[in-house]
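In: Fold the following, please.
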Amino acid sequence: MPDRQPLPDPPFANAPTTTAPSLRVVVADDNPVVRAGLTALLSGREDITVVAEAADGREAYEAARRHHPDVVLLDVRMPGVDGLSALPYLVPLAPVLMLTYSGEPEIVQEALRRGAGGYLVHGEFTADQLVLAVKDIRQGRAHVTPTATAALLTQLRGPSAIAHNPEDPPTAVSTFSPQSLSQLQPPVGQSSSDRSRFQLSAREAEIMHLIASGMNNRQIAATCFISEKTVKNHINRIFAKLHSTSRSEAAAKWLGTAPSSSSGLG
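Out: Purely as a prediction, here's the structure:
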């Protein structure tokens, strides 16, 4: 019986396979729980890599210089160098997407004027919408959530916009500083529709907001004038309703950044 000759390799059998490069992201937020939630969400995507985290604007700038990211996610209120102060230095290095609780008209307008490519307010977007925004910002397509849109319209329609002389140079830069930003208070919590979506009571929603802001149980107890045991009981119920096993996972869902496939709550 004649020896069998090996079959030739099919065309391109040994050709190297190429995949699209992963989109590189820097996450800047002073709240470690928020950073952990965003990093876990984005790193779970095959085409996105979180290359660095930062706790303030200076760290974000240093990370952007070191890692050359495709997109920077930037909070507004941070100690030291805040997001607005860092924006002019970050924009030449990478597109910047503001990701924050701050929806005040003046802050939204100033962030976009300083070069932010988009403005997302926590609680107003899903995980898939955040991923789409990150990818679109990289391509120069802006994303703005409803609160930021309303803030821009309010600013444009306000008396200051009507009285503004286009010949005058902009003066808004001098009105923003880390000190003035720190005096602006963040919203107390999510809207009633968000509470209803997760089936949280008003007290549970208040405690969930404090968890997302980075408070520990003792701080929450002091803020709400309740015992730490009561705080723990509330947190256990919150975790059950949010189908979460950790503070960072619960915060990610509460802030609107949890994967949609795992957030099918009533």
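
In: Show me what stretch 110-121 is in contact with.
Out: Residues from elsewhere that reach stretch 110-121 (CB atoms under 8 Å, 6 or more residues apart in numbering): 74, 76, 83-84, 87-88, 91, 95-103, 108, 130, 133, 136-137, 140, 142-148, 152, 170, 172-173, 176. Quick note: C-beta positions are derived from backbone N, CA and C, even for glycine.

In: ok, now stretch 29-44?
Out: 25, 27, 48-50, 53-56, 73, 75, 77-79, 99, 127, 130-131, 134, 211-214, 247-249, 251-252, 255, 257-259.

In: Could you do stretch 231-250 as well?
Out: Contacts of stretch 231-250 (CB under 8 Å, 6+ apart): 33, 36-37, 40, 198-200, 203-204, 207-208, 211, 217, 220-221, 224, 253-254, 258, 262-263, 265.

In: Can you tell me which of the residues you listed are classed as buried?
Out: 33, 36-37, 40, 198, 200, 204, 207-208, 211, 217, 220-221, 224, 253-254, 258, 263 (16 or more other CB atoms under 10 Å).

In: For residue 52, grab phi and psi.
Out: phi -170, psi 150 (degrees, to the nearest 10).

In: tell me which element the closest residue to it other than its chain neighbours is part of?
Out: Nearest residue to residue 52, sequence neighbours excluded (CB to CB, 6 or more residues apart in numbering): residue 63, at 3.8 Å. Residue 63 is part of helix 57-67, with elements assigned from DSSP states H and E.

In: May I see the buried residues of that helix?
Out: Neighbour-count burial for helix 57-67 [16+ other CB under 10 Å]: 57-61, 63-64, 67.

In: roughly how far apart are residue 97 and residue 30?
Out: 17 Å (CB to CB, to the nearest Å).

In: Neighbour count for these two, which is higher?
Out: residue 97 (24 against 19; other CB atoms under 10 Å).

In: Please report how far the more buried one lies from residue 128.
Out: In terms of CB to CB, residue 97 sits 15 Å off from residue 128.

In: and if you look at residue 242?
Out: Taking CB to CB, one finds residue 242 at 18 Å from residue 128.

In: Equivalent analysis for residue 219, please.
Out: 33 Å.

In: now do residue 151
Out: Distance from residue 151 to residue 128, by CB to CB: 24 Å.

In: Who has more neighbours out of these two?
Out: residue 151 (22 against 11).

In: Surely residue 224 is in contact with residue 204?
Out: No: using CB atoms under 8 Å, residue 224 makes no contact with residue 204, being 11.0 Å away.

In: ok so, going back, give me the buried subset of the contacts of stretch 29-44.
Out: In the contacts of stretch 29-44, burial by neighbour count holds for 25, 27, 48-50, 53-56, 73, 75, 77-78, 99, 127, 130-131, 134, 211-214, 247-249, 251-252, 255, 257-259, counting by 16+ other CB under 10 Å.

In: ranges for the helices of the stretch 1-150 of the chain?
Out: With DSSP state H, counting those that start in this stretch as the criterion, the stretch 1-150 of the chain has helices at 32-43, 57-67, 83-90, 105-113, 127-138, 146-157.

In: could I get those as CSV with distance to residue 119 and mean pLDDT?
Out: Shown next, in CSV, are the helices of the stretch 1-150 of the chain (distance: least, CB to CB, whole Å; pLDDT from 0 to 100):
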stretch, distance to residue 119, mean pLDDT
helix 32-43, 16, 89
helix 57-67, 16, 95
helix 83-90, 11, 92
helix 105-113, 6, 88
helix 127-138, 10, 91
helix 146-157, 4, 74
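
In: Can you lay out the ones you listed as CSV showing distance to residue 21?
Out: Listed next are these as CSV, based on distance: least, CB to CB, whole Å:
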stretch, distance to residue 21
helix 32-43, 15
helix 57-67, 14
helix 83-90, 21
helix 105-113, 28
helix 127-138, 11
helix 146-157, 30
